[in-house]
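K.L.:
How does the following fold in three dimensions:
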Amino acid sequence: MSEGPAGWGEPLYERVLAGVPEGASVLDVGCGPGVFAGFATKRGLTVTGIDADRSAVAAARREVPEATFEIGDAHQLAGSYDLVALVQVLAHVTNPLKVLKEAARVGGLVRATVWGREEESDVRLFGEALAPFLPPRGARRAPAGPPPLTEPDRFRKIATTAGLQVVALDEVECRFDYPDEDALVGPLLTSDIGRFAANRAGPAAVRDAVLAAFAPRRQGDGYRLRNLFRVLDARPA
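P.N.:
Predicted structure coming up:
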């Protein structure tokens, strides 16, 4: 799952669960600490969550005792479910195509979400603010593996290749609301990239740069970011 302020994902979760009847079985792949699973159980769904991270599974069990959580690999799914939900997980797996094939094999319905293009989301401003404190883009190591599934045509193609019939590819806007400056900047300064920038330029310089970048997004004492996500709605072909 993508990090953000509490409650940011609710519009996305609503779309993933749209039309799924009460009592339906849901497999939450890459469940993390159980945020989506908790949302789904409150709507009367029977949820099984899997994640490779033992600590995340332990946290999910504590937070959502109504659901079942297991340590598992997204590339090797078992069972049969009315819905397989892949909420912000495809960017973090080794082989998205294999994961989608597995989802098509065990799910009557498959719904997967990804970020929109970089220019479609305000979170890009974090990167723009930190750019002066980081090595030039050409000097940074290129990310391993295939490019992210932010291009709609590529997202559709990989789903089709995985044996899915795409019913829809919808856009969902999620608002990231931060109540004050500390809520906006604090998590960044504790991230790897934020610590790197702060070590080079100092926390105060990084803070000033971030606040300047987000000044147009200020609302009262806080900040509102608008971020685009896409939801793939598909069935086994």
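K.L.:
CA atoms for contacts and neighbours, from now on please.
P.N.:
Fine.
K.L.:
Against K101, how distant is the residue positioned nearest the centre of the chain?
P.N.:
The centroid of the chain falls nearest to Q88 when counting by CA atoms, centre = their mean (2.9 Å). Computed with CA to CA, to the nearest Å, the distance linking Q88 and K101 is 17 Å.
K.L.:
Q219 now?
P.N.:
From Q219 across to K101, the span is 43 Å (CA to CA).
K.L.:
Those two - which one has more neighbours?
P.N.:
Neighbours were counted for Q219 and for K101 using other CA atoms under 10 Å; K101 has more, 21 against 13.
K.L.:
Excluding chain neighbours, what is closest to that one?
P.N.:
Sequence neighbours aside, A162 is the residue nearest to K101 in space, at 4.6 Å (criterion: CA to CA, 6 or more residues apart in numbering).
K.L.:
wouldn't that neighbour be in contact with P96 here?
P.N.:
No: in this structure, A162 is not within contact of P96 by CA atoms under 8 Å, at 9.2 Å.
K.L.:
element containing A112, please.
P.N.:
Taking DSSP states H and E as the definition, A112 sits inside strand 107-115.
K.L.:
Show me what counts as buried in whatever helix or strand comes next after that strand.
P.N.:
Per DSSP H and E, the first helix or strand lying C-terminal to strand 107-115 is helix 124-130. For helix 124-130, the neighbour count (16 or more other CA atoms under 10 Å) marks L125, F126, A129, L130 as buried.
K.L.:
swap in stretch 205-213?
P.N.:
Per 16+ other CA under 10 Å, stretch 205-213 contains these buried residues: V206, R207, A209, V210, L211, A213.
K.L.:
What is the neighbour count of L232?
P.N.:
Using other CA under 10 Å, L232 has 23 other residues around it.
K.L.:
what angle do the helix or strand where it lies and strand 107-115 make?
P.N.:
Per DSSP H and E, L232 falls inside strand 222-236. If you take axes from the mean of the first three to the mean of the last three CA atoms, to 10 degrees, strand 222-236 sits at 150 degrees to strand 107-115.
K.L.:
okay, now the nearest residue to C174 once chain neighbours are set aside: neighbour count?
P.N.:
Distances taken as CA to CA, 6+ apart place N227 nearest to C174, at 5.3 Å, with adjacent residues excluded. For N227, the tally of surrounding residues (other CA under 10 Å) stands at 21.
K.L.:
contacting residues for N227?
P.N.:
Applying CA atoms under 8 Å, 6 or more residues apart in numbering to N227 gives the contacts G116, E120, S121, D122, V123, E173, C174, R175, F176.
K.L.:
and with 6 Å instead?
P.N.:
If you count contacts by CA atoms under 6 Å, 6 or more residues apart in numbering, N227 has them with S121, D122, E173, C174.
K.L.:
So the last one: helix, strand or coil?
P.N.:
Right, the one you point to is C174. At C174 the chain is in strand, as set by DSSP: H, G, I helix; E, B strand; the rest coil.
K.L.:
That one and E120, how far apart?
P.N.:
Here the criterion is CA to CA. By it, C174 lies 11 Å from E120.
K.L.:
More neighbours: which of the two?
P.N.:
Ranked by neighbour count (other CA under 10 Å), C174 and E120 place C174 first, with 18 against 14.
K.L.:
Now do the more buried one against V99, distance only.
P.N.:
Counting by CA to CA, the gap from C174 to V99 is 25 Å.
K.L.:
do the same with D82
P.N.:
Counting by CA to CA, the gap from D82 to V99 is 17 Å.
K.L.:
Compare those two and say which is more crowded by neighbours.
P.N.:
The residue with more neighbours, out of D82 and V99, is V99; 22 against 18, by other CA under 10 Å.
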